[in-house]
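# Coordinates only, no sequence provided:
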């Protein structure tokens, strides 16, 4: 069996038990990356040397019988907007190219402390702004392992592609409006956006602070649970982190659930109305809901009446926050500084002109406008009030159901370049995922079938705040009854077979 | 046009004295080498997040309560967005729509003991920026100060004269020092003042077009900058010209204000609630606890010294200018000294021995020791002259006045028989003066007193000397 498609907990157990070495496992994944990453462009930085050193250090600790963490030797990769000490963190932007952070973000520090081996930093849409991982000036567009002419989704496209193709066992991404769930769906992997505040944002390069969350992408719901178990929990460095932690082991324990008897599954009417998902997507999602019914769940129609306003609300709030969050990239302290400027203002202008890509500039300008005197109330102020209404929609809905089931994306992976000239079309890719961030809820995407063209499709499960255990339990029960999540992209499978001695 | 009056409102920034910065654990110590008190948070590194220092809120609340403000049990931090090299994040974390406290007022004492009530519009909390250091060919940025906590105290436009503004600033300084929340040092920038100034016909209720004057960095300049600006505006209006709404910079070297930017060039700060910091919720009980624990403020002390201790207005004002001085004074009278005598001694003899009035807290002569000295004087065991001889010795050795007087024989000589002998010797040695005296020249008595005092090394009890002299001279 290839070492590249082993479950996270299984890998950790076998390495800790010294059945296989951390170095072997690391080498297998590096080899997989060597064969496939030229075509996928999942990594911005592959830190082969650092990973091997970490693996060997771990092996010697194991040889000495020292205690090890729960992710012992598990090869993990990080979206390149997660700050990692000593390892370039670029957010996929020219403006941060070459920035070597002086510190580890909290999630990264916890992953390291759990003894995972960090393979490198993953491709993304610049500053996590996008749904296709095409706007990546440092590495170029990332490709979908199921069809390399198509996008992997975004903005955690590198993470989803790497996990799907077996370049790593799991990855950490970030999700501001669907950036974990949508690429997970388009690449046929599982991805969880936790409740806002569940995972510390300390060391996450901010896009939209009130929406950003770190979460895992992996090949099964259970693997996601194993990763979340490590990174979740209160953090004194993040004032928005939830002070109440999870009981140790509770997430993995939740994944033992097989019976969904009595579970009320809400299906929002508005998500299937005009402009709803493509037929393939709707069919797969409805079948998945039937599968949940077969496991004992009780699907019921619910209403989220403010759904039509979610995209507009999201793009006002997210861009407003981004316009402020990205002000620090000014050429003064780190990153790019444009040469040849004759004044301070010219240095600022040129640095930001050269450093930011088109989509980032578009969002900074949108957000700046939304916060300007005379427009603030009409745009940002109103968006905040609609956000309250959207949150209230969910509060009411969760009085009638335990989880909400929806498509993750209205369509499967689209072709490279297909939506790049049309930002509005691109923004609609996140139509089912945005509301979850606006309301601060946990959301899980998991594979639920394939399109007629053989592209993976995703089911999204949303829960009330702090309901990660419920979501993971339902997801694990579904995955125990189905094998969509076990399908591998042919390209990756071939490479992994070859990699075997 | 002569009947114009100025309308002045001040925005005062106070640097709070806390161990660490407002949103990170870096030290706030002044004067460290550039960029040595910095971390990912206060240098605005990507991914870093602010965490509020509770001590800052405690300090700010004390000032808000001392100013009689209504404290908002829920306030919010907001981002003030603008680009400047010493502003690491490209925004300053401040408070905007929901400040910590509002609607207060202060009583300001003016020259001669009159008072003026100045409304406090709001007090909010914010972080300081770094410092830009402009050298030849290059500018550098020192971020040690970035993230040092500030409060901004915004007054109502209740001030009319430059000297009132200066008095208001002195009142604030005395308050922050009394509360122990800031050193209130204007020259080092722990107290900073921006002034909004406009003119209007006296008695009118409306407001004229205002200019904001920035960069006023000493108490002296508060008055001078405002005097200049008022005259400038008066000149414009008298000449039939209009005052332009703008921001002006005080140039202390030239003694003028200069236009910095017009209203049209003003920044749009695009304030919005900072999503990195949850709203600041305060328990009413916590606010009440802080209110109950407030020390007596300089204003109240001054009034009490006048009413209860019978001090002069001058003494009361001087003693309450610094908390340490007033504390020293009160400890001295608590140890038994008479208030007026203690006040005099402290304001002359004690202050002449310290560089800064606040240093009396660490004076080698403790208040109880000073009270001991004054007690000897009150009891007549020493004279004021002897007291002034004993005082420097107390300062050096840390001994009590009594011990020093004992050892150095500095008590008043009041043994009548011993003195009588000395007096007789003086009379015998001055036959010419004796003759004059007996001829009716009473003034010569002073000569004899002086001689006796000299003969006794100044230690003779002057009253006794007088008595003895009169008796012996008149005896014939």
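Nice, thanks for sending it over. Everything quoted here is computed from the prediction, not taken from an experiment.
# So, low pLDDT: which residues of chain A?
Residues of chain A meeting the criterion pLDDT under 70: A:1, A:494-501.
# redo that, cut-off 50
A:1, A:498-501 (pLDDT under 50).
# ok, and the closest non-adjacent residue to the residue of it found nearest chain B?
Chain A approaches chain B most closely through residue A:327 (2.4 Å), counting by Cβ to the nearest Cβ. Just so you know, the C-beta spots here come from the backbone N, C-alpha and C atoms, and that holds for glycine as well. Excluding the flanking residues, the one nearest residue A:327 by Cβ to Cβ, 6 or more residues apart in numbering or on different chains is residue B:90, at 2.4 Å.
# what's the pLDDT at the one you found?
The predicted structure scores residue B:90 at 97 on the pLDDT scale.
# any idea how far it is from residue A:445?
Here residue B:90 is placed at a distance of 34 Å from residue A:445 (Cβ to Cβ, to the nearest Å).
# More neighbours: which of the two?
Each of residue B:90 and residue A:445 has its neighbours counted (other Cβ atoms under 10 Å in any protein chain shown); residue A:445 has more, 35 against 21.
# Can you pull the residues of the stretch 101-250 of chain A lying near chain B?
Counting by Cβ under 8 Å from any Cβ of the partner chain, the residues of the stretch 101-250 of chain A close to chain B are A:101-103, A:105, A:201-206, A:208-210, A:236-240.
# helix/strand/coil for residue B:119?
Three-state call for residue B:119 (DSSP: H, G, I helix; E, B strand; the rest coil): strand.
# quick one: contacts for the residue in chain B that chain A sits nearest to?
In chain B, no residue comes nearer to chain A than residue B:90, which is 2.4 Å away by Cβ to the nearest Cβ. Contacts for residue B:90 (Cβ atoms under 8 Å, 6 or more residues apart in numbering or on different chains) come out as A:324, A:326, A:327, A:328, A:330, B:44, B:81, B:82, B:83.
# and of those, the nearest to residue A:123?
Set against residue A:123, the nearest of the contacts of residue B:90 by Cβ to Cβ is residue A:326 (19.4 Å).
# excluding its backbone neighbours, what's nearest the closest one?
Using Cβ to Cβ, 6+ apart, the nearest residue to residue A:326 is residue A:364, at 5.8 Å.
# thinking the one you found is in contact with residue A:355, fair?
No. In this structure residue A:364 lies outside contact range of residue A:355 using Cβ atoms under 8 Å: 11.3 Å.
# just to revisit the earlier point, and the residues of the stretch 101-250 of chain A next to chain B, which of them are buried?
A:101, A:103, A:105, A:201-206, A:208-210, A:237-240 (16 or more other Cβ atoms under 10 Å in any protein chain shown).
# How about the residues of chain B by chain A?
B:40, B:43-52, B:79, B:81, B:83, B:85, B:88-91, B:141, B:268, B:270-272, B:275-278.
# now chain B, which segments are flagged as low pLDDT?
B:1.
# Let's see that with 70 instead.
B:1-2, B:414, B:476.
# Going by neighbour count, list what's buried in the longest helix along it.
Using DSSP state H, we find that the single longest helix of chain B is helix B:219-238. Buried positions in helix B:219-238, judged by neighbour count with 16+ other Cβ under 10 Å: B:219, B:221-230, B:232-234, B:237.
# Kindly report the same for stretch A:61-68.
In stretch A:61-68, counting by 16+ other Cβ under 10 Å, buried: A:62, A:68.
# cool, and stretch A:284-299?
For stretch A:284-299, by 16+ other Cβ under 10 Å, it's A:284, A:285, A:286, A:288, A:289, A:291, A:292, A:295, A:297, A:299.
# Equivalent analysis for stretch A:373-381, please.
Buried residues in stretch A:373-381 (16+ other Cβ under 10 Å): A:376, A:379, A:380.
# and the residue positioned nearest the centre of chain A, how far is that from residue A:212?
Nearest to the geometric centre of chain A sits residue A:180, at 2.3 Å (Cα atoms, centre = their mean). Using Cβ to Cβ, residue A:180 is found at 11 Å from residue A:212.
# Same question for residue B:294.
Applying Cβ to Cβ to residue B:294 and residue A:212 gives a distance of 41 Å.
# Looking at the two, which one has more neighbours?
The residue with more neighbours, out of residue B:294 and residue A:212, is residue A:212; 27 against 14, by other Cβ under 10 Å.
# Not counting its neighbours along the chain, what's nearest residue B:225?
Sequence neighbours aside, residue B:250 is the residue nearest to residue B:225 in space, at 4.2 Å (criterion: Cβ to Cβ, 6+ apart).
# Strands along the stretch 151-300 of chain B, start to end?
B:191-201, B:211-216, B:246-251, B:256-262, B:272-273, B:280-281 (DSSP state E, counting those that start in this stretch).
# for residue B:244, what are its contacts?
B:209, B:211, B:259, B:262, B:263.
# do the same with residue B:248
Contacts of residue B:248 (Cβ under 8 Å, 6+ apart): B:211, B:212, B:213, B:214, B:229, B:257, B:258, B:259, B:260.
# Filter those down to the buried ones, ChimeraX style.
Selection command for ChimeraX covering only the buried members of the contacts of residue B:248, criterion 16+ other Cβ under 10 Å:
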select /B:211,212,213,214,229,257
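# what number of residues lie near the closest residue in space to residue B:466 that isn't next to it in sequence?
Take residue B:466 and drop its neighbours on the chain: the residue closest to it by Cβ to Cβ, 6+ apart is residue B:449, 6.6 Å away. Applying other Cβ under 10 Å, we find 17 residues neighbouring residue B:449.
# thought residue B:449 was touching residue B:464?
No. Under the criterion of Cβ under 8 Å, residue B:449 is not in contact with residue B:464, lying 10.9 Å apart.
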